[in-house]
Structure formats: structure tokens, C-alpha cells
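# Have a look; sequence and predicted model below, questions after that.
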Amino acid sequence: MKFKYLTALAFVFSTLFYSCKTDVDVIAPYKEIAVVYGLLDVSQSIQYIKINKVFLGKGDAYVMAQNPDSNNFVPADMNIILEKYNGSQFLGSLVLDTTMISTESDGNFSKQNNIIYITREPLQKDLNYKLKIENKKTGYKAESSTGIINNINIPQGGSAYSFVGSDNKYTPNNSIEWTSQKNGKIYELTFRFHYKEFKPGSDTLYKSVDWAFTPQYTPTTEGGVPVKKSIKGEDFFAFLKSVKSVCFSDNSYKRIAWRGQIFVTAAGEDFQIYKDLNAPYSSNFQEKPIYTNIQNGIGIFNTRVTSYGIQKPFNANTINEIVNGKYTNDLGFIKP
């Protein structure tokens, strides 16, 4: 595995009996290092790769992080390409373009003028892709490679979602099954609840809320492994109740349960390791290893895919339970 431990050591020297003063510079010489985050996704029409640089300077690091120039490379200095391979056979390369994005998310880094490298060329599922980063001005280079995960076939099942059966009892086991794909290691199922929201005399709003399940790992990345997730009907209604304060707190609105939809997101083994190692630790005193699969850099370059099932309505008993049931009768849902 590709681990790097980064440890900052600060030494303070003082004298007790002498009036002379010694200044110690704790900032080491700067070393150019790219910080990469990129997941190639065959289900998307545009591929986005975030490439920053580490920064170093005297002063408040949080203040420096707010300046885009601190962590952005100069695009004109950079040569960012994706090479395509079929096994060891080189099939050509494409140069990535740049675009600017802004974000309103919380964090310590600049929310403006974030440079992202993109390509609109469709990915090919059976190829390997090598990311090559070069600073033409300094000669710095970094690279990484990944295969591609193909789209997952999501079984359609019945014509409606049934979390309450014909006996008016919660269904004990709603099974969702799919088959793992080559290069896939971690799989996360999400159920998306689509609903309509309106006030009398106003336009109808179409909204949704996602119910995400614990990720599942397959024993191999070769594909062909059956993956299964079972959902209890009662858990669906408990989930809707759990998001009341976020989605259903305004009682002036009326709501209609409209459709359900499942989708599965798969990612590669490198991303699985990266994700697991970046999960919160139970101890504040445990040193955290930093995982990277970037040669001469830091970060992650891997693959993922999100595959969607069709949207389907809910059966009549499920609708009735959403409107009148013990978990959801105060969420403002009415019958269509």
C-alpha cells in the first residue's frame, strides 16, 4: 500500500543565563507537491479532476488557504493529460481543459476561483487511464493510473414499491440485488424518495430526499459477484420520520408521496482504502496515516460509477401508511 506519514516537528531553544537571542526557522525548504482528487465516472458526460499544490509560508495558514493563489497551480504552466491504454497498448492521449468553480460549502480553503481540470471525451469501460501532471516551468511531474467501472444493471422488480403488503403489515424483506463490476470494490445503495409539495393556490414543487445505506465491500475487483441488500418496510417509515426537521418541518405545506428510485454507486479499491483511512478515529491521540496512489504527489485518482433504476410509484397500502401511519402521520402527507 502507498502510505505516507507527514509529521511536523517544532523545536524551541532558549537560554537562561545569557542575553543573546537565537532565532529558529521551523519552516523547511518548500517542495512542490500536487494534491489530486479525481474519480473517473463512465456514467458522467464530463470528468472533473481537482489538482492543487501544497503551500508553505510564514503567517497564519488559515489566512493563506483563503487565497486561491496559495493552492492553485498557474494553468498556463501546467500540462495535464489522460493517456489511454488497452492493457499495455497505448491508444492516445487527451489534454484536459480548465474551468473555474465556486463553492459555498464550509471549510478552510478558498471558495472562489477553484481551478478544475476537465474532459468531455466519453470514457471507454475496458480501458485504463493514466493521469500525467507536469509543471512545464519547474519540471515537476506526478502521475497515477486507474481502470474504469462499467454501469451496473439495476433489476426493475415489480411495478410499484411496497413497504406495506396486502395484509396491511410492514413488508419484512425487500431484496435488492445486483452484480459487481470489474474494478469495483465498494458499493453503496441509496433509495431516493420523490415527493410533491405545495400550498393551496401555489405552484407544486418536486422534491426528493435520499436514504443511504451502509456501503458493502466485495471480496474481489474482478466482477461477477452477487451483491444483495435487504430493506425492512418499517425502516422506510422510520427514515422519513428521522428527516422531519430537515424536509417536512413546515406544516403550511401539503405533500404527496410520488415515486421511489434506487441507485447504486460503486468505487474502486484505492478509493475504498482512501475512504476508510479518512473515516473519523475514536481516539484523538492516534496518528493518522495518509493514503495516496499518486506517484510523486498526494491524493486519490480512481474510478466510480452511479447507476440508476427506474422511478416507480408506491402501492396503495404504502401511500396510506405514509399519510396515516404512526411514524409519518404528522409530516403533512395527503392522498393524491
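It's in.
# Next, the buried residues of stretch 117-133.
For stretch 117-133, the buried set under the neighbour-count rule, 16 or more other C-beta atoms under 10 Å, comprises Tyr117, Thr119, Leu123, Asn128, Tyr129, Lys130, Leu131, Lys132, Ile133. Placement of C-beta: from N, CA and C, glycine included.
# Tell me the secondary structure at the third one.
Leu123 falls in the coil class when you classify it by DSSP: H, G, I helix; E, B strand; the rest coil.
# Ala266 contacts Arg304, correct?
Yes: shown here, Ala266 and Arg304 form a contact pair, counting by C-beta atoms under 8 Å, at 6.3 Å.
# Now do the shared contacts for the two.
The overlap between the contact sets of Ala266 and Arg304 (C-beta atoms under 8 Å, 6 or more residues apart in numbering) consists of Ile149.
# So for the two, which sits in the more crowded spot?
Using other C-beta atoms under 10 Å as the criterion, Ala266 and Arg304 rank with Ala266 on top: 28 against 22.
# Not counting its neighbours along the chain, what's nearest that one?
For Ala266, ignoring the flanking residues on the chain, the nearest one in space by C-beta to C-beta, 6 or more residues apart in numbering is Gly184 at 4.0 Å.
# Is that neighbour in a helix, a strand, or coil?
With three-state DSSP as the basis, Gly184 sits in coil.
# from memory it sits against Thr220, does it?
No: contact between Gly184 and Thr220 fails when scored by C-beta under 8 Å: they sit 9.6 Å apart.
# More neighbours: those two, which one.
Gly184 (31 against 12).
# Next up, the contacts around that one.
If you count contacts by C-beta under 8 Å, 6+ apart, Gly184 has them with Ile149, Thr218, Thr221, Gly223, Ala266, Ala267, Gly268, Val305.
# Could I get the pLDDT score of it?
Listed pLDDT for Gly184 reads 97.
# Could you do Tyr291 as well?
Predicted confidence (pLDDT) at Tyr291: the value is 89.
# do the same with Gln156
Gln156 carries a pLDDT value of 85.
# Against Val42, how distant is it?
Look at Gln156 and Val42: by C-beta to C-beta, to the nearest Å, they are 21 Å apart.
# Looking at the two now, which is surrounded by more residues?
Using other C-beta under 10 Å as the criterion, Gln156 and Val42 rank with Val42 on top: 19 against 9.
# Could you measure from that one over to Asn128?
Distance of Val42 to Asn128, computed by C-beta to C-beta: 13 Å.
# okay, and the common contacts of the two?
In terms of C-beta under 8 Å, 6+ apart, Val42 and Asn128 are both contacted by the residues Ile148.
# Within the helices and strands, which one has Leu40?
Assessed by DSSP states H and E, Leu40 sits inside strand 34-41.
# just checking, what packs against the helix or strand just after that strand?
Beyond strand 34-41 on the C-terminal side, the first helix or strand identified by DSSP H and E is strand 47-53. Where contact means 3 or more C-beta pairs under 8 Å, 6 or more residues apart in numbering; DSSP states H and E, strand 47-53 is packed against strand 34-41, strand 78-86, strand 114-119.
# what angle do strand 47-53 and strand 34-41 make?
Using axes from the mean of the first three to the mean of the last three C-alpha atoms, to 10 degrees, one finds that strand 47-53 and strand 34-41 are set 170 degrees apart in direction.
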